[in-house]
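Trainee: coords please:
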Amino acid sequence: MNNLPMKVVVLGLMVLTCAASAQDQDIKRNMERSLQGVVKQRAFAYGLTLREGYDSNIYSRSDNVKGSFSTTASPDFQFGWSGPLTDVTAHYSYSAVYYESRPEKSLDQSHNLNVSVGHEFSPRLHVVFSDDFAPGFEPDIEEGTNQRSADYIQNTARLTATYKLDSRWDMTSSVRHYFINYSDDTVLPVIPGTPTSQTMNRQAVDTSVGVNYQPQSTTTLGAALSYNAVSYTGNNRDNSGGTAVFNVRHIFNPRLSADAAAGMSLRTYDVIGGESVNPDVNMGLSYLLTPRTSLFGRFSTRMQPTELGGYLESQTFMLSGGAVHQFTSRLMGSASVMYVPTEYQGSLVVPGIGGPGTAFNGNQSETSIASSLTLGYQFNVHLRGEIGYSFTHFTSDLFARDYDRHMTYLQARVGF
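Mentor: From the prediction side, this is the model:
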């Protein structure tokens, strides 16, 4: 793939640094002060979340439906340190989910480690490096289900530099690297004969440059250019592309605020050598109905490479909304609903191999409707309880992917 866009953005990072060095002669002095290790704040936090729940359809199937009670234990630890010019945070969490009705394949585990280091090289230049590492260990695929063979490792690293041009203008440049690797080659039912590593293992590089302008305290305008390249172990889905986006954020009054981003994306797929040009839209609205009740809504549409093996890309629309209500100083509830229709495009596999009545060579669509209700109570500064319910209705043109799923849970969170 062409590495020129990445080189351009990396060069942009260097230009930002050099510009700051030229205009702010106090950088060296500021770095020396930071290295003295003058501590402003050091904080530790740790906690444990316990959850008991019931899932009516643990394999997300229309047939072979199996429900199960589950028990989840999730300890976590967080560290934060702030110096004169440097901030460091680290967060680690572990999750173990035991399914009562999955004998010999009963435990799902995952780890997550997130580290972030930010440094102010000058009053104008701020740089942040972050890394998110998440290995997971789950059961193999059970015959006749859609569950993936799941032992995996994924990591996301990002470097972002923000340079303040003046009191109204700032410029941001970033580079992100992402990879996910599945540890075995169990065959996915969706694409018979295709191993997981060939369809799902991949790495991606994102680069972007953006500028923001704040004409007044309640309004921010921006524009950004980004480039993304994705490389799969099985290279028949390698792709790259760029996006140009304009965005605006505005606070209309103390109760109403909104944000919107709109642009176009261009993506090229190596296997066909063709280009796909599509709109990229994301907008949201939040409204404080009463001092205790807030409403929110969001709409987005974009074309992107799909996670589903056998297809190149998917056009996804998303419409969501919800409400949060503070019943008392300790009791809070929320409700939300999300509607997501998706259309897959660009088949890579032979027609008719997906199962009876299914042809993979045409556009196929899926629709998800999900809703949730939660109610939480803060007993004291250390203890919080929560109950929740969610329902998902999923319809699909693809073979054996329709399902309904009810989930309920009772949760306690202890934190110090």
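
Trainee: who does G210 bridge with?
Mentor: T172, A224 (DSSP bridges).

Trainee: quick one: it and Y178, what's the gap?
Mentor: Distance of G210 to Y178, computed by Cβ to Cβ, to the nearest Å: 19 Å. (Each C-beta comes from the backbone N, C-alpha and C, glycine too.)

Trainee: for S300, same thing?
Mentor: From S300 to Y178 the distance is 20 Å (Cβ to Cβ).

Trainee: what does F79 give?
Mentor: Counting by Cβ to Cβ, the gap from F79 to Y178 is 24 Å.

Trainee: ok, now S390?
Mentor: Applying Cβ to Cβ, the value for S390 to Y178 is 28 Å.

Trainee: go on, A43?
Mentor: 29 Å.

Trainee: more crowded one of these two?
Mentor: Ranked by neighbour count (other Cβ atoms under 10 Å), A43 and Y178 place Y178 first, with 17 against 10.

Trainee: any idea what the more buried one is bridged to?
Mentor: Here Y178, judged by DSSP bridges, has bridge partners T156, A204.

Trainee: pretty sure it is touching F133, no?
Mentor: No. Y178 is beyond contact range of F133, at 11.4 Å (criterion: Cβ atoms under 8 Å).

Trainee: find residues that contact each of these two.
Mentor: Residues touching both Y178 and F133 comprise Q154, N155, with contact defined as Cβ atoms under 8 Å, 6 or more residues apart in numbering.

Trainee: which residues of the stretch 251-400 of the chain score low on pLDDT?
Mentor: The stretch 251-400 of the chain contains residues with pLDDT under 70 at 272-274, 307-310, 346-362.

Trainee: buried residues in stretch 314-323?
Mentor: Neighbour counts over stretch 314-323 (16 or more other Cβ atoms under 10 Å) mark S314, Q315, T316, M318, S320, G321, G322 as buried.

Trainee: and the fourth one, helix, strand or coil?
Mentor: The one in question is M318. strand (DSSP: H, G, I helix; E, B strand; the rest coil).

Trainee: could I get the full set of strands for the stretch 151-300 of the chain?
Mentor: 152-164, 169-182, 202-216, 219-232, 239-251, 256-269, 275-290, 293-305 (DSSP state E, counting those that start in this stretch).

Trainee: tell me which of those strands lies nearest to S56.
Mentor: strand 152-164 (25.8 Å; Cβ to Cβ).

Trainee: how about I180, nearest residue that isn't a chain neighbour?
Mentor: Q154 (4.0 Å; Cβ to Cβ, 6 or more residues apart in numbering).

Trainee: count the residues that sit near the one you found.
Mentor: So Q154, with other Cβ under 10 Å, has 16 neighbours.

Trainee: start the count at 469 instead of 1 going forward.
Mentor: Yep, numbering from 469; the last one is Q622 now.

Trainee: pull up the gap between it and V698, please.
Mentor: 14 Å.

Trainee: repeat that for N750.
Mentor: With distances taken as Cβ to Cβ, N750 is found 20 Å from V698.

Trainee: got phi/psi on G551?
Mentor: phi -110, psi -170 (degrees, to the nearest 10).

Trainee: distance to A629 for the buried residues of stretch 782-791 - can I get that in JSON lines?
Mentor: Formatted as JSON lines, the buried residues of stretch 782-791 follow (distance: Cβ to Cβ, whole Å):
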{"residue": "S782", "distance to A629": "32"}
{"residue": "Q783", "distance to A629": "33"}
{"residue": "T784", "distance to A629": "31"}
{"residue": "M786", "distance to A629": "30"}
{"residue": "S788", "distance to A629": "32"}
{"residue": "G789", "distance to A629": "36"}
{"residue": "G790", "distance to A629": "35"}
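
Trainee: for those residues, which one is nearest R869?
Mentor: S782 (13.6 Å).

Trainee: can you give me the angle the helix or strand that closest one falls within makes with strand 743-758?
Mentor: In the assignment (DSSP states H and E), S782 maps to strand 779-794. Put simply, strand 779-794 runs at 10 degrees to strand 743-758, going by axes from the mean of the first three to the mean of the last three Cα atoms, to 10 degrees.

Trainee: strand 779-794 versus strand 724-737: what angle between them?
Mentor: Between the axes of strand 779-794 and strand 724-737, defined by the same axes, to 10 degrees, the angle is 170 degrees.

Trainee: what's the distance between the residue nearest to I648 and P683?
Mentor: On the measure of Cβ to Cβ, Q622 and P683 end up 40 Å apart.

Trainee: in contact with the residue nearest to G801 when sequence neighbours are not counted, which residues?
Mentor: In this structure, G801 finds its nearest non-sequential neighbour in L843, 4.7 Å apart by Cβ to Cβ, 6+ apart. By Cβ under 8 Å, 6+ apart, the contact list for L843 reads L799, M800, G801, E854, I855, G856.

Trainee: could you dump the residues you listed to a markdown table with distance to R760?
Mentor: Shown next, in a markdown table, are the contacts of L843 (distance: Cβ to Cβ, whole Å):
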| residue | distance to R760 |
| --- | --- |
| L799 | 11 |
| M800 | 9 |
| G801 | 10 |
| E854 | 18 |
| I855 | 20 |
| G856 | 20 |
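
Trainee: which of the residues you listed are buried?
Mentor: Buried among the contacts of L843 by 16+ other Cβ under 10 Å: M800, G801, E854, G856.

Trainee: just to be sure, the last one is in a helix?
Mentor: No. Counting by three-state DSSP, G856 is located in no helix; its state is strand.

Trainee: excluding sequence neighbours, find me the nearest residue to it.
Mentor: The shortest distance from G856 to any non-neighbouring residue, by Cβ to Cβ, 6+ apart, is to T842 (4.3 Å).
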